[in-house]
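Colleague: Below: sequence and its predicted model.
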Amino acid sequence: MENKGVYIKGIITGVVTFISGKLEGMGPALLWFMLLMVVDYISGMLASKKEALEHPNEKEYGWSSKKGLIGIYKKVGYIVTVLVAVSTDYLLSDLISEIGIDYKGSTIFGLLVLVWFILNEMLSILENAGRMGVKLPQSLVKVICRLKNNVDRKED
């Protein structure tokens, strides 16, 4: 019974390794993306709770299940968009190899979309921290905004 945890860790490690291998360089970015989505959701709930305490009689402040559900839908949309971008990469890669062109890269769109969403999640977490009363270093906000704008330009 004590070894059950070791087996579960081994299975999780194997699955993560397999997925990372299939996604080439996107594996670590995908894990960061998932972690940041969870942190963003939690920080949004905490910011809403703080605002509700500060404005107890104002209905537009505070956490609501409707807002939370909309946030979850949005995150599911992010995941679907990344899956479509990765699928597009693999489809293009297969088509290019079918016509006889030697092409090494296979995660152009997926990685661009994933990096864009990661930067978006980082900005959202900073916004939530600001709503909680944290004085944000504007240099950090500017750097993340600039990176996001650079990714936007690369997509054009």
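Modeller: Good, I have the coordinates. Worth saying up front: this structure is predicted, and the values here are computed from it rather than measured. Residues are numbered from 1 along each chain as shown.
Colleague: Output the contacting helices and strands for the helix or strand containing Lys66.
Modeller: Remark: Lys66 resides in helix 65-98, with elements defined by DSSP states H and E. Here helix 65-98 touches helix 26-54, helix 108-131, going by 3 or more CB pairs under 8 Å, 6 or more residues apart in numbering; DSSP states H and E. Where C-beta positions appear, they are placed from N, C-alpha and C, glycine not excepted.
Colleague: in that helix, what counts as buried?
Modeller: Across helix 65-98, burial judged by 16 or more other CB atoms under 10 Å covers 71, 75, 78, 82, 85-86, 89, 93.
Colleague: Got phi/psi on His55?
Modeller: Note on His55: its backbone torsions stand at phi -130, psi 70 [degrees, to the nearest 10].
Colleague: Find the nearest non-adjacent residue to it, please.
Modeller: Distances taken as CB to CB, 6 or more residues apart in numbering put Tyr61 closest to His55, at 4.2 Å, once the chain neighbours are dropped.
Colleague: To what extent is the one you found buried, counted in neighbours?
Modeller: Other residues within reach of Tyr61, judged by other CB atoms under 10 Å, total 18.
Colleague: the bottom helix or strand of this structure by mean pLDDT?
Modeller: In the chain, no helix or strand scores lower on mean pLDDT, DSSP states H and E than helix 4-22, which sits at a mean of 72.
Colleague: Check the closest residue to Ser43 other than its chain neighbours and give its pLDDT.
Modeller: Excluding the flanking residues, the one nearest Ser43 by CB to CB, 6+ apart is Asn128, at 3.8 Å. For Asn128, the pLDDT comes out at 91.
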